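Colleague: sequence unknown, structure follows:
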DNA sequence: CAAGTTTTGGCAACCGGTTGACAAACTTTC
DNA sequence: GAAAGTTTGTCAACCGGTTGCCAAAACTTG
């Protein structure tokens, strides 16, 4: 092995020159082989039923023989269709997006669409750049937790179909996980454990979801007659959570919700480092149930988001706009996107699931995952 | 807010119809505005120096005014260039790929290339499908830890430029993290802690990197006169690690290397569940230093991979093939790809870093991260 | 100032599909 | 068997750039 395994220390020498010309077959080649006109080939390959079964077969055989593959650029030129959709996430390294990405990717692949991925690194500006760049190439775009302003999103939506994940903007399709159910469970649990004063460590200011989670918690705390305060917002990262530790420690709350698991983990570890024992002295609750949230000691209690479903559903919804007739992916349903409508009416909370009891809705609801980071309130 | 914030419970009603026709400007529009021929516009925009400064300016102004954007499909049709590169990873949800993906994504974006992402879900077949699909669309492809056979990779490489990450195949460019340095440190550390019998929990059989890690460990164990055994391979996931627990527990080894952190975490948690205390009764060492590997109790000792750099370097190298003249990203260097040449010669290990002491090499070397999961050997 | 050289811009073909219009071929109907 | 209707295939234009070739224009040089 040692001598055949050439290293490429001498760059470009051992490396086989890529891109051997070998142009692939075109519809003209097929046409010649099948003895028909190129346009007939085009129709046979795209418009089903437009050509007779006999010629259809001849053409298919010829295509097979030449192992033809459409040139998507040639197709895209006149039609604008690219068989590609974009997904922009705010932070690729945030595990919460893994499952969204995977969900979207597999859903796309199964429908013969390709996924383009970009990240905005939590910056509205980067996000706009990425979106603009993608817009030229894709048939539609999914924006997961975008940081853009409403108007910017509407502007994008005017050009190509857009589906939002965990964000709601007038006139733009969106898939939102229903926070209410999970939050209701969580607050009920904390109330039962004797907590009366709660705090919320918010995420980025431009995060719609952070505001929404706050509202849900507020509504439920009011319901239970508990006190709720908000800690200054920060980056939705482990580091962001750490930064919030000082304020939380000095506060009077005995339980704290963090905007997401990353922050919850950061907060917990920072506090533990400062000698606070979790959950004895403070209960911590995250959101999302990301990879690794059960690795900590104590493992994190969290409100699980249907991340994978969010990705799958967003993609299906997007494809609905792009290919109106298509119904392949039955997973999603318009009802699912309606979950969690009223953001301020606490009365609606408990009913959200009930009134539109479809499988899709259930899939997009959140759920309390009780682990070790929450417990009984410390005596006041 | 409540009444203006329309939900899309009635699908397609509140949603603004996307894709308003508004076709964007073409070079013909520019040509008309600037009073020149379309071909001149094309040249002004791509071939620098081919047109006079005066017309160049006129054209640029006109383009600006119409806020022109090339139609990449029209461009791709005659040239084949798409300004897009592909990245295929074996598992999107494996945190080890996060940083690789991000590295590649940012490097691509900074050079005005767009990244397409796909995953193979650890299956050679899926990988081939994804690769084939992408090949039609991209200028080049990065395969991170591919599961494909060498011949299949060579076959792909014959069509478009390909760069491999953590895999070496004759005649194909590759970027490989130098396992030796980290492994040498790690084994030396374990030896110093009194361990004499070590075990390796291997990853997937088709994983080149798993074999490579095994060889590095073997070489160093031989050097230190330690016993090394291999535990049957499994999926490179937390679950895969759990599955290996039984065999490891019954073995005589006092320290175990796992193919990656995911497996190490799974193994550790499963063993702990069975009452084994880490590191008192068994030392566990992972590979990669993924997100979350420090969340566990005890935090995982691991051999850190330069994941981000791997992504950046792979992309730069790929672009070198695609745009031969281009030298924008100085980050990478051909020397970097040569690191870790001899896979079997133990003597070479210590020297690898020394003999080619460039910054690029350093960036791609691995490094021991000592945390709590490793400690002194239990008395035999 | 003429001859030679270098720039610069225009023409037209081409990349590989799609699609509207139309005619030829085939069916159906009376 | 002719008229009317329906399929099916062909023609040709088009999507929006790129590029080889050539001639006109501009610049050198003697």
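Modeller: Noted; the coordinates are in hand. Nothing here was measured: the structure is a model prediction, and the numbers come from that model. Numbers count the residues shown, from 1 in each chain, chains lettered A, B, ... in the order given.
Colleague: Check the gap between the residue in the stretch 151-300 of chain A that DNA strand D sits nearest to and residue B:270 for me.
Modeller: As assessed by Cβ to the nearest atom of the strand, DNA strand D sits closest to residue A:159 within the stretch 151-300 of chain A, at 14.0 Å. In short, each C-beta sits where N, CA and C put it, glycine included. To residue B:270, residue A:159 is 51 Å away according to Cβ to Cβ, to the nearest Å.
Colleague: The two: who's more crowded?
Modeller: residue B:270 (20 against 17; other Cβ atoms under 10 Å in any protein chain shown).
Colleague: isn't the more buried one right next to residue B:240, touching?
Modeller: No - using Cβ atoms under 8 Å, residue B:270 makes no contact with residue B:240, being 10.7 Å away.
Colleague: tell me the strands in chain A, going along the chain?
Modeller: A:84-89, A:114-119, A:140-144, A:162-165, A:173-175, A:197-201, A:227-231, A:255-258, A:283-288, A:301-304, A:367-369 (DSSP state E).
Colleague: Select from those strands the stretch with the lowest mean pLDDT.
Modeller: When the strands of chain A are compared on mean pLDDT, strand A:114-119 scores lowest, with a mean of 89.
Colleague: so how far is that strand off the chain centroid?
Modeller: 12 Å (Cα atoms, centre = their mean, to the nearest Å).
Colleague: Give me the contact list for it.
Modeller: Here strand A:114-119 makes contact (Cβ atoms under 8 Å, 6 or more residues apart in numbering or on different chains) with A:83-92, A:101, A:104-105, A:108-109, A:126, A:130-131, A:133-134, A:137-138, B:84, B:101-102, B:105, B:109, B:114-118, B:133-134, B:137.
Colleague: ok, now with 6 Å
Modeller: A:84, A:86, A:87, A:88, A:89, A:92, A:105, A:108, A:130, A:134, B:116, B:117 (Cβ atoms under 6 Å, 6 or more residues apart in numbering or on different chains).
Colleague: Among these, which one is most surrounded by other residues?
Modeller: residue A:87 (30 neighbours).
Colleague: Now do the spatially closest residue to the residue of the stretch 151-300 of chain A closest to DNA strand D that is not a sequence neighbour, the pLDDT please.
Modeller: Ranked by Cβ to Cβ, 6 or more residues apart in numbering or on different chains and with sequence neighbours excluded, the top spatial neighbour of residue A:159 is residue A:135, at 5.8 Å. pLDDT recorded at residue A:135 is 89.
Colleague: okay, now residue A:135: neighbour count?
Modeller: 16.
Colleague: partner residues bridging residue A:89?
Modeller: For residue A:89, the beta-bridge partners are residue A:119 (DSSP bridges).
Colleague: Report the contact partners of it.
Modeller: A:97, A:119, A:144.
Colleague: now do residue A:279
Modeller: A:373, A:374, A:375.
Colleague: same thing but 8 Å
Modeller: Residue A:279 neighbours (Cβ under 8 Å, 6+ apart): A:298, A:372, A:373, A:374, A:375, A:376.
Colleague: same check, this time on residue A:272
Modeller: Residues near residue A:272 by Cβ under 8 Å, 6+ apart: residue A:278.
Colleague: Look at it and report its pLDDT.
Modeller: 96.
Colleague: Thought residue A:144 was touching residue A:97, still the case?
Modeller: Yes - shown here, residue A:97 and residue A:144 form a contact pair, counting by Cβ under 8 Å, at 6.3 Å.
Colleague: shared neighbours, those two?
Modeller: In contact with both residue A:97 and residue A:144: A:89, A:90, using Cβ under 8 Å, 6+ apart.
Colleague: pLDDT weak spots in chain A?
Modeller: A:1-23, A:324-363, A:380 (pLDDT under 70).
Colleague: how does it divide into domains?
Modeller: A:1-70, A:84-175+A:308-331, A:179-301 (automatic domain parsing).
Colleague: out of those, which comes closest to residue B:184?
Modeller: Minimum separation from residue B:184 across these (Cβ to Cβ) falls at domain A:1-70, 19.3 Å.
Colleague: Switch the strands of chain A over to CSV; also include distance to residue B:186.
Modeller: As requested, these are exported to CSV (distance: least, Cβ to Cβ, whole Å):
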stretch, distance to residue B:186
strand A:84-89, 34
strand A:114-119, 32
strand A:140-144, 38
strand A:162-165, 41
strand A:173-175, 45
strand A:197-201, 37
strand A:227-231, 41
strand A:255-258, 35
strand A:283-288, 33
strand A:301-304, 33
strand A:367-369, 35
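Colleague: can I get those strands in TSV with distance to DNA strand C?
Modeller: Putting the strands of chain A into TSV (distance: least, Cβ to the nearest atom of the strand, whole Å) gives the following:
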stretch	distance to DNA strand C
strand A:84-89	15
strand A:114-119	16
strand A:140-144	17
strand A:162-165	22
strand A:173-175	24
strand A:197-201	51
strand A:227-231	53
strand A:255-258	50
strand A:283-288	41
strand A:301-304	43
strand A:367-369	45
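Colleague: Tell me if stretch A:307-326 is near DNA strand C.
Modeller: No - if you take Cβ under 7 Å from any atom of the strand as the test, stretch A:307-326 misses DNA strand C, and the best it gets is 12.8 Å.
Colleague: And chain B, is that stretch touching that?
Modeller: Yes - using Cβ under 8 Å from any Cβ of the partner chain, stretch A:307-326 reaches chain B at A:320, A:321.
Colleague: So for that stretch, what gets flagged as buried?
Modeller: With burial defined by 16 or more other Cβ atoms under 10 Å in any protein chain shown, the residues of stretch A:307-326 counted as buried are A:307-322.
Colleague: Now residue A:296: phi and psi?
Modeller: Note on residue A:296: backbone dihedrals following degrees, to the nearest 10 are phi -70, psi 170.
Colleague: For the closest residue to it other than its chain neighbours, list the residues it contacts.
Modeller: Leaving aside its chain neighbours, residue A:296 sits nearest to residue B:295 (4.8 Å; criterion: Cβ to Cβ, 6+ apart). Residues near residue B:295 by Cβ under 8 Å, 6+ apart: A:265, A:269, A:292, A:295, A:296.
Colleague: please redo it, this time with the cut-off set to 10 Å
Modeller: Residues near residue B:295 by Cβ atoms under 10 Å, 6 or more residues apart in numbering or on different chains: A:238, A:265, A:268-269, A:292-297, A:299-300, B:265.
Colleague: Would you check how far apart it and residue B:221 are?
Modeller: 29 Å.
Colleague: How about residue A:317?
Modeller: In this view, residue A:317 and residue B:221 are 54 Å apart by Cβ to Cβ.
Colleague: One more: residue A:275?
Modeller: 41 Å.
Colleague: Looking at these two, which one has more neighbours?
Modeller: residue B:221 (24 against 8).
Colleague: The more buried one: what's it in contact with?
Modeller: B:183, B:187, B:190-191, B:195-198, B:200, B:227-229, B:257, B:346.
Colleague: The residue lying closest to residue A:244 once chain neighbours are set aside - how many residues pack around it?
Modeller: Once flanking residues are discounted, residue A:244 sits nearest to residue A:201: 4.6 Å by Cβ to Cβ, 6+ apart. Using other Cβ under 10 Å, residue A:201 is surrounded by 29 other residues.
Colleague: and what of residue A:225?
Modeller: Neighbour tally, residue A:225, other Cβ under 10 Å: 8.
Colleague: so residue A:379 touches residue A:195, yeah?
Modeller: No - under the criterion of Cβ atoms under 10 Å, residue A:379 is not in contact with residue A:195, lying 11.7 Å apart.
Colleague: shared neighbours, the two?
Modeller: Joint contacts of residue A:379 and residue A:195 (Cβ under 10 Å, 6+ apart) are residue A:254.
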